[in-house]
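>>> let me see the structure of the following:
(one chain, ligands or ions: 1)
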Amino acid sequence: MRRLLPLLPLLCAATYDTGDSTPYPHTAFSEKELAKSVSKAAKFAGIKQIILRNEQGDTEVDKLQELDKAALSALMRVQGLEDPEGKEYDLLVPVGQDRIAVTVWWAPPAAVVEVGPALQPASSTREDITGVVLEENGTSWDPRALGIVADALATLTDVERERIEGLRIIRSPGPPKGARSLVKASGRLKAVYIQEESGESSLVLPNYALEESKGTFCGPASAPKEVAERVLLHELAHAVHQGKWRARLAEIQALEAAFNEPEGKTTEAVARHIELVEEHEAEEQAPLVAAWVKRFDSAPTAYGDLSPIEAFAEAFALYHMDPAALRRVMPDAHAWFESDYKP
Ligand SMILES: [Zn+2]
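Numbering: from 1, shown residues only. Purely as a prediction, here's the structure:
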């Protein structure tokens, strides 16, 4: 292998693919057979250079046989996908008992491959999770579900944690009643954030949001995480952008409750109530959503194309789990989170 000096400029991926979970058809092949197939496919696709990326930097691969089975399988998989050009794929490659994390950028005339460790299932305990309220509705929290929550929360900043303080996260077998038609309509909706008029809010985490990662992982290949963590972070993004509204609505509710109490309707309380209601009526959207809409009309993933709010949630989840991936697919959004973003 040849060390590349200076390092190749960071390849820009046009999209970040998150949907793939198709199993590998070729794990029975030997390395030699795989190398042969990859070589043929690369030539056909106009790939002239295969680069192996790791913490030490980039090296150009002279002979495909130098690559291990996980890297070869991932390259094989990507070239078989429809229209892979310009895309970044985070793939879980079964090798023996393990599922190895491999990221591939397929960007003719080069393909970059980064091989990480095997994905380890998340695990945590209730005691390790603070600031949110863990509830159960028909099914119980297990160490893996708790681990996904703990990992997702650990990526948030202090201000973001403050915005979601007291949020109820509910484990449930299926989606909440009111959201069933929504789930059906979107087809891809996995977990649900519910914001009620009163300011009450909750995040429902059904079984299928916690499904095990099959063909794909999240985060950098060097530290792979389960896809469920990205699903949860997407919903936490909604809780964060509604955070200021939630706090305001809760205060309005508390004041209104106090008005019914003897001596609760003080001049200050009434003035504060008017101030809050006026503030609220003046805003069409939560301030964070308004700031995002003003600045962006695109999304880092296909799901984000649904609406600006979904685009924000997708960018938020990516920024927290894999900032380098967001920088590649939507550099201006990455820069915004680094500087102008005020949760
Ligand atoms: Zn969403």
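
>>> distance check, Ala291 against Phe312.
9 Å (CB to CB, to the nearest Å). C-beta here means a position set from N, CA and C on the backbone, and glycine is covered the same way.

>>> who's more crowded, these two?
With neighbours defined as other CB atoms under 10 Å, Ala291 and Phe312 compare such that Phe312 has more, 24 against 17.

>>> helix, strand, or coil at the more buried one?
What DSSP: H, G, I helix; E, B strand; the rest coil gives for Phe312 is helix.

>>> roughly how far apart are it and Ala239?
Separation of Phe312 from Ala239 (CB to CB): 12 Å.

>>> try Ile164
Using CB to CB, Ile164 is found at 5 Å from Ala239.

>>> quick check: the residue of the chain nearest the ion.
Going by CB to the ion, the ion is nearest to Ala313 of the chain, at 4.4 Å.

>>> where does that residue land on pLDDT?
On the pLDDT scale, Ala313 is placed at 92.

>>> isn't Leu52 up against Val113?
Yes. With contact defined as CB atoms under 8 Å, Leu52 reaches Val113; the gap is 5.9 Å.

>>> and this protein, which residues reach the ion?
Neighbours of the ion within the chain, by CB under 5 Å from the ion: 310, 313.

>>> and the chain, what are its domains?
Here the domain parsing of the chain from automatic domain parsing is 2-118, 126-242+286-339, 244-282.

>>> quick check: neighbours shared by Leu52 and Val113?
Common neighbours of Leu52 and Val113, using CB atoms under 8 Å, 6 or more residues apart in numbering, are 67, 71.

>>> where along the protein do the helices fall?
Using DSSP state H, the helices of the chain run over residues 31-45, 69-79, 143-154, 158-163, 180-186, 227-241, 243-259, 267-282, 287-295, 308-321, 323-329, 331-338.

>>> let's have those helices in TSV, adding distance to Glu200.
As requested, these are exported to TSV (distance: least, CB to CB, whole Å):
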stretch	distance to Glu200
helix 31-45	52
helix 69-79	44
helix 143-154	20
helix 158-163	15
helix 180-186	18
helix 227-241	12
helix 243-259	8
helix 267-282	15
helix 287-295	19
helix 308-321	19
helix 323-329	31
helix 331-338	28
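
>>> where among these is the average confidence lowest?
The minimum mean pLDDT among these belongs to helix 180-186 (a mean of 54).

>>> quick one: contacts for Tyr89?
17, 20, 74, 77-78, 81, 103-106, 216.

>>> more crowded one of Leu52 and Val113?
Val113 (25 against 20).

>>> do you know how far the more buried one is from Pro176?
The spacing between Val113 and Pro176, counted by CB to CB, is 41 Å.

>>> and Ile129, by the same measure?
Distance of Ile129 to Pro176, given as CB to CB: 21 Å.

>>> now Asn54
44 Å.

>>> between these two, which is the more surrounded one?
A count of neighbours by other CB under 10 Å puts Pro176 above the other of Asn54 and Pro176, at 16 against 13.
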